[in-house]
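Trainee: Here's a sequence, model it:
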Amino acid sequence: MATNGLRQAFEPVLAAHNTMQSGANRAQKEQAHKFLEQFQKSEEAWEATLAMLQAEAVDAAAKLFAVTTLKGKIVYDLHQVPRDALPSLRVQIMNSLITFRNGPKPIRLQLCVCLANLAIQMTEWKDVLPLVVSTLGSDPATLPCVLDFLRVLPEEVTHGRKINLTESELTTRTAELIEDNAQQALTLLIQYAQSSPAAAQNPQLLNCITSWIKEIPLENIISSPLLKVIVDALSVEEPFEAAVECLCSMIAETKDVDESMSAIQVLYPQVIGLQSQLVKAAADEDTERFKGISRVLAEAGESWVVLVARIPSDFRKLVEAILHIAELDRERDAISHTFKFWYDLKQYLTLEKYIQARLQYVDIYSKLVDIMIGHLEYPKPESGDEKDLFEGDRDQEEKFREFRHQMGDVLKDCCEVMGVTDCLRKPYDLIQAWVQAYGPQAAPNHVPEWQKLEAPLFAVRAMGRMVSPEENIMLPRLIPLIAQIPDHNKVRFQAVMALGRYTEWTAQHPDTLQPQLNFIMGAFEHATKDVVRAAALSFKFFCNDCASLLVEFVAQLQEFYVKYLDALPASSQEEITEGVASVIAKAPTGQIFELLKMYCNPLVQDIISTAPTATDDAAKKILSDKINILTIFFEMVKPYVKLNEENPAVKYCQEIFPVLGGLISHFHDSIPILERVCRCWRYMILSYRTAMQPLLPELAHKLAQGFETSRQGCFLWATSAIVREFAPSEDNEVESNTAAAVFQFYEQQATTFLRVLNDLPPEELPDLIEDFFRLTADMTLYYPSETIMSKLMDIILLAACSSLTLLKEEPLLATLHFLRDLFGYGRNQAPSSSFDHSRQQVPEALRTRVKQLLANAGPQLVQRIMAGMMYSFPEGCFPDASGVLLDMFELMPEHVANWVQSTVGLLPAGSITPQESDRFLNNIKQRIETGDVRMIRTILQDFTTSYRRRNVAPREGLGRLEASRFRFSG
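Mentor: Numbers count the residues shown, from 1 in each chain. Predicted coordinates:
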């Protein structure tokens, strides 16, 4: 019973917890949540949580909150408990375990997690397992507590909890808790398993074995009575799932087959013996048992696949058993477990080394093709309602769609093993069989047994990627057959999609083009939306691959394009536009201008007429989609024009530029329209490069004006294309006044960005920050002297410091990449190279300027980067963050060492010992003295990784390490 004093201490906690569970209003719940958060940080939480666990009047939900809080305190706040009080805490946790020996299980399990984390950090506690067993293992009623503890101990030790131990202490403690206890744990598990028949079938036992499999030598488990316990448990319902997990874990440990051959020889007969259970489960329609046995067989196949390829005579039975899964799985519940095995085996069998094994498995892959095509068939609804094939079961329908594409991947694997001709013959024979059996009965909207026609068509489509354009045995028979398929929505869909997969073959067989194109263009009139979408996609592929054959019909294609464009969904509009644009791209240069006018002018007129009335989001979305369609032409049509000749595409861009510029002014607050216009301009620059110079002044003006008005990053994204394409270089003759204008344009954009960052905190501008620093990195590489010597660079570095407080990876990487490029100019060799891979010497004035910039911003940069590496940066930022610090050390080693020392001094009290701090700083000092500066990067990474693993950001903030707000008065 809790004393009255303690009861009074946790009464407010109970009240707040009850508020969170009740139907209280939002304000009350927020207040309760805030109170509970503060409680979890407090030192009072230690006694209160333990008292709550012992109090009879506290309900199970509140006790679960208490034990979860206690776990967090042990993991993160154990330093709040005096060292000599830890044994008492251990006793209290064990007493609580005795109290909850019969459950609830979640509370009991969390108490074991508490005890395990205490054991990890209480390094003076040397007899962890003996003490737990002697305290809790003598009474049968508390044995579940011992089993739970045994289960969680290796998980907590090896999952790298954020605990306050050094790397060496953790390594030593891991050895003491796991390696030194492995044999005792095995002995305990064997003794428990042999104590009674019920114990041998206890799922807790199997979970313990699974948890220790990586810690105990596998041979010791296999040679013990536990293997029989695991295999026998597969025949019993209650422990079945745990036994499957356990056996799969054991098999997974044998993936290094040469090291594990003796274990595999013992496990293989046990695995093969499961076939009878597989057949029985299928006959009994026991889905869960069938899936479990299938998983074991598939795991064995994946783990031993190299032996399957190396010794086919010995392991063929396993392959046949996995094939049997696919054959018996009528509901397609387990078949997905086998997909990776077929892929892995194909990877080996297609190597010259395993050609003999490939020959021995061809018959199995041949059967696999038949089975897969059978599984591809849509179901026949018992109700007879063809409009609802899955009878309302949408989950089953979605699963079927997903599995179809995965099974299509398996068919690709079969193509590589068997050869595409033999694979294609199978669906061809099935289509022919259907034609002979049901073809005469087919009529519009009446296709008998259409499932048996649609499945092989899907198979043909799936195999398309594997078939060479030179295939001349099956495709000359298949393609004409497909183009005559009767009209049924699902059959027509697959036929259209299948033809779209073989367009490269069609390009080499032009005599087959016309009937296929007629079949596909006719599908645009189909009543089913999916068929029309399929037609648009296949049309794109035909135009892309057969553009040279279609260019003489470009005028007729325009009529088709205009007729159907507006009737299609946005994605299909893009697809057919990409198709016709690829045909225009093949036209003679002299025709390009008129062809662009023919195709694009209707779009431009549509944009002009739609813009004044586009006032709501839906209308603006339609308008932005039209702009996107226009962009595709500039992306695809890139005529070859000799130097000093007018580019016909640029001539057309000049004609429509006022229209796009007007959209920027009119829709200054519509992000979709602004982004699409900027994307259009960007592709003009990327496609036509310096030929766009006549448009450059107007374009720069509109980009600067648009960015100042809207503050959207898309304008910076478009600006970066100008920076790259109009940068002076050996192969790109740009006039000096043009280069100067580009730099002035950049400074204008940068000033606007700095004003925005002054007005808003970085967390509200992640995308804009990413776009700006990507642009500035480009400027640093393409205009190094102008950019680095600019007066703005000092304030840009402070903006970078502010941006490094973000949590999102992309803007952080953009900022770090800019810093690496900038500091690269502090060395003798420039960070960018030319086409001959030579590097330019950096002028002395530029190197001096970089060091001056570093001296001014260095203390803040070091603080921000180290704070990020220790607390907030995503893992993907670590290499570049440590790279920036290394660059700084290489330029100004002593100064940066002092800044690092200052930063370490600002860390929260108790997060690092004086000895660790001294060791870290002395290591850096020694590397500087010996000139081995590059090793400092490893020292920094090791220190920050170790610190991050042991500490989380303080709940009350970083204190003296908090970043100051960015300010700019320009």
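
Trainee: by contact count, what packs against the longest strand along the chain?
Mentor: Secondary structure of the chain read by DSSP state E shows that its longest strand is strand 829-833. Here strand 829-833 touches helix 809-824, strand 839-841, going by 3 or more CB pairs under 8 Å, 6 or more residues apart in numbering; DSSP states H and E. Using the backbone N, CA and C atoms, a C-beta is placed for each residue, glycine as well.

Trainee: Ranked by average pLDDT, which of these falls at the bottom?
Mentor: When these are compared on mean pLDDT, strand 839-841 scores lowest, with a mean of 74.

Trainee: avg pLDDT for the helix or strand His324 falls within?
Mentor: For His324, the host element (DSSP states H and E) is helix 312-328. Average pLDDT, helix 312-328: 96.

Trainee: Check the offset of that helix from the chain's centre.
Mentor: In terms of CA atoms, centre = their mean, to the nearest Å, the gap separating the centre of helix 312-328 from the centre of its chain is 33 Å.

Trainee: on that earlier part again, comparing the helices and strands packed on strand 829-833, which comes out most buried?
Mentor: Among the helices and strands packed on strand 829-833, helix 809-824 has the highest mean neighbour count (mean count of other CB atoms under 10 Å), at a mean of 23.

Trainee: contact partners of that one?
Mentor: Residues from elsewhere that reach helix 809-824 (CB atoms under 8 Å, 6 or more residues apart in numbering): 766-767, 769-774, 776-777, 780-781, 788, 793, 797, 800, 803-804, 806, 830-831, 850, 853-854, 861, 868, 873-874, 876-877, 880-881, 883-884, 887-888, 891.

Trainee: And the host helix or strand of Asn628, what does it pack against?
Mentor: Under the criterion of DSSP H and E, Asn628 resides in helix 617-636. For helix 617-636, the packing partners by 3+ CB pairs under 8 Å, 6+ apart come out as helix 570-584, helix 589-610, helix 648-666, helix 671-688.

Trainee: Next, count neighbours for Gln183.
Mentor: 12 (other CB atoms under 10 Å).

Trainee: List the contacts of it.
Mentor: By CB under 8 Å, 6+ apart, the neighbours of Gln183 are 216, 220.

Trainee: go with 10 Å
Mentor: Neighbour list for Gln183: 216-217, 220 [criterion: CB atoms under 10 Å, 6 or more residues apart in numbering].

Trainee: So which of the residues you listed wins on neighbours?
Mentor: Ile216 (21 neighbours).

Trainee: Let me know whether that residue touches Thr210 as I believe.
Mentor: No - using CB atoms under 10 Å, Ile216 is not in contact with Thr210; the gap is 11.2 Å.

Trainee: Please identify every residue contacting each of the two.
Mentor: By CB under 10 Å, 6+ apart, the residues touching both Ile216 and Thr210 are Pro154.

Trainee: Give me the below-cutoff pLDDT ranges for the stretch 1-150 of the chain.
Mentor: For the stretch 1-150 of the chain, applying pLDDT under 70 flags the ranges 1-9.

Trainee: how about Pro486, phi and psi?
Mentor: Note on Pro486: backbone dihedrals following degrees, to the nearest 10 are phi -70, psi 160.

Trainee: That one: how many residues sit nearby?
Mentor: Neighbours of Pro486 under the rule other CB under 10 Å: 21.

Trainee: Just the buried residues from the contacts of helix 809-824, in ChimeraX please.
Mentor: In ChimeraX, this line selects whichever of these come out buried by 16 or more other CB atoms under 10 Å:
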select :766,769,770,771,772,773,774,776,777,780,781,788,793,797,800,803,804,806,830,831,850,853,854,861,868,873,877,880,881,883,884,887,888,891
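
Trainee: In helices, which of the contacts of helix 809-824 fall?
Mentor: Counting by DSSP state H, the part of these found in helices is 766-767, 769-774, 776-777, 780-781, 788, 793, 797, 800, 803, 850, 853-854, 861, 880-881, 883-884, 887-888, 891.

Trainee: roughly how far apart are Thr210 and Ser969?
Mentor: 63 Å (CB to CB, to the nearest Å).

Trainee: and these two? which has more neighbours close in?
Mentor: Thr210 (21 against 7).

Trainee: Tabulate the helices and strands packed on helix 617-636 in a markdown table, adding columns for mean neighbour count and mean pLDDT.
Mentor: Putting the helices and strands packed on helix 617-636 into a markdown table (neighbours: other CB atoms under 10 Å; pLDDT from 0 to 100) gives the following:
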| stretch | mean neighbour count | mean pLDDT |
| --- | --- | --- |
| helix 570-584 | 22 | 96 |
| helix 589-610 | 17 | 95 |
| helix 648-666 | 18 | 95 |
| helix 671-688 | 22 | 96 |
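
Trainee: TSV for these, including distance to Met250?
Mentor: Shown next, in TSV, are the helices and strands packed on helix 617-636 (distance: least, CB to CB, whole Å):
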stretch	distance to Met250
helix 570-584	48
helix 589-610	63
helix 648-666	64
helix 671-688	54
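
Trainee: Point out the one among those helices that comes closest to Phe35.
Mentor: helix 671-688 (39.8 Å; CB to CB).

Trainee: can you give me the angle the closest one makes with helix 617-636?
Mentor: Counting by axes from the mean of the first three to the mean of the last three CA atoms, to 10 degrees, helix 671-688 lies at 10 degrees to helix 617-636.

Trainee: Quick check: next helix or strand after helix 671-688?
Mentor: Using DSSP H and E, the helix or strand that follows helix 671-688 in sequence is helix 696-710.

Trainee: Let me see the mean pLDDT of the helix or strand following that following helix.
Mentor: Once helix 696-710 ends, the next helix or strand along the chain (criterion: DSSP H and E) is helix 714-725. Averaging pLDDT along helix 714-725 yields 93.
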